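J.: Okay, predicted coordinates and the sequence, questions at the end:
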Amino acid sequence: MISRRIASRAVAVLLAIVTALPAGTLAAGAAPARVARPAPPAPRTEPEPDLVPGVAPVGQPAQIDTPDQVLAPDVYVPTPREDRIEPGQAAAGAYDLIEYVPLSDAVARVSCSKQIGPYQRQVERWLGLRVDGKQSAADCRAVRAFQLKYEIKPASGFAGPVTWATMMLVSARKDPNADRKCPVRSYTVACVDLDRQLTWVQRGSRVVFGPVPMRSGRAGHVTRKGWHTVYWRHKNHVSTLYHQPMPYAQFFDGGEAFHAVYGTLYTTVGSWGCVNLRLGDAKTLWGVLKKGDHVYVWGRRPGT
């Protein structure tokens, strides 16, 4: 059966062909059809749906999407010689905060965006501005000042996902578990907050690592919620499915693991289920967790 969408497109194409035919091709005696002029486009009030990196990271593709280990890996004990080898360093600028902006803004390299960002209201509220969901000159100046302070590029005042994620990290630094969503236990718990895309480790109520930014699973491959246990650690792991490096991998549920990626965490799509970290953060976490430690995952990644 032909779908309604395909049928509609077919009708539109036929109408376009008939409209484009010269008058002589019409039936004899028939008056040529009058073609109405298209109405001018309405002024844009909503943000552009497709966002692009405002500044391409040096030496990195515009969209990083590192594949992860989907299935549980073959578990073995790495040799001491293998464990002495440290994973390679990331390229300079790999973890720069590159904001996603409307394509028109990126092309024009605007200094102060007039577009409504996907996090407009949240950013306005966080900055103490009037929360109306509309981009004003005052809003742009305030957002731009925040972006300059935290080295978010381009600092164009657009309320995008990287700006909002940075605000979440700044807010969480003093007490990431202020809302007590990560259970407090006497033992070590690695907390994975999908809502804010943050992770940290706590022993009792004391935070011993983080919070740090992370990237969790995309729609259809979301990082599984609930309690898990670190069951295998492999410092120099390489995905057997995609043959891609997964440095400082600490597997906690099937093929899902904490591990570093050699590119930005701030992409518009998530991982294939793993908790992606910057290389330095993954290396530090390697020294904090051990086999048998508990992991707790909750919330929902924006967009999933």
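T.: In hand now; what should we look at?
J.: where do the strands sit along the stretch 151-300 of the chain?
T.: Remark: strands assigned in the stretch 151-300 of the chain by DSSP state E, counting those that start in this stretch are 152-153, 188-193, 198-203, 206-213, 226-229, 232-238, 245-253, 256-260, 275-277, 294-298.
J.: got those strands as a markdown table, with distance to Asp96 and mean pLDDT columns?
T.: C-betas here are computed from N, CA, C, even on glycine. Output for the strands of the stretch 151-300 of the chain, formatted as a markdown table (distance: least, Cβ to Cβ, whole Å; pLDDT from 0 to 100):
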| stretch | distance to Asp96 | mean pLDDT |
| --- | --- | --- |
| strand 152-153 | 7 | 97 |
| strand 188-193 | 23 | 98 |
| strand 198-203 | 19 | 98 |
| strand 206-213 | 13 | 97 |
| strand 226-229 | 31 | 98 |
| strand 232-238 | 25 | 95 |
| strand 245-253 | 19 | 96 |
| strand 256-260 | 16 | 96 |
| strand 275-277 | 16 | 97 |
| strand 294-298 | 27 | 98 |
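J.: Of all the ones you listed, which one comes closest to Asp105?
T.: For Asp105, the closest of the strands of the stretch 151-300 of the chain is strand 152-153, at 12.7 Å, according to Cβ to Cβ.
J.: what about the closest one, distance to the chain center?
T.: 15 Å (Cα atoms, centre = their mean, to the nearest Å).
J.: about what we covered before: mean neighbour count and distance to Phe146 for the strands of the stretch 151-300 of the chain - can I get that in TSV?
T.: Output for these, formatted as TSV (neighbours: other Cβ atoms under 10 Å; distance: least, Cβ to Cβ, whole Å):
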stretch	mean neighbour count	distance to Phe146
strand 152-153	20	8
strand 188-193	23	21
strand 198-203	22	18
strand 206-213	18	16
strand 226-229	13	35
strand 232-238	19	37
strand 245-253	24	31
strand 256-260	27	27
strand 275-277	27	24
strand 294-298	20	28
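J.: Turn those strands into a markdown table, including distance to Tyr95.
T.: Formatted as a markdown table, the strands of the stretch 151-300 of the chain follow (distance: least, Cβ to Cβ, whole Å):
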| stretch | distance to Tyr95 |
| --- | --- |
| strand 152-153 | 12 |
| strand 188-193 | 19 |
| strand 198-203 | 15 |
| strand 206-213 | 9 |
| strand 226-229 | 26 |
| strand 232-238 | 20 |
| strand 245-253 | 14 |
| strand 256-260 | 10 |
| strand 275-277 | 10 |
| strand 294-298 | 23 |
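J.: how about those, which one is nearest Arg121?
T.: strand 152-153 (18.7 Å).
J.: Quick one: list the elements packing against the closest one.
T.: Counting contacts by 3 or more Cβ pairs under 8 Å, 6 or more residues apart in numbering; DSSP states H and E, strand 152-153 packs against strand 97-98, helix 161-172.
J.: Direction included, what does the helix or strand following the shortest one pair up with?
T.: Going back to what we said before, that points to strand 97-98. Downstream of strand 97-98, the next assigned helix or strand under DSSP states H and E is strand 100-102. Pairing partners of strand 100-102, with direction, according to DSSP bridges: strand 51-53 (antiparallel).
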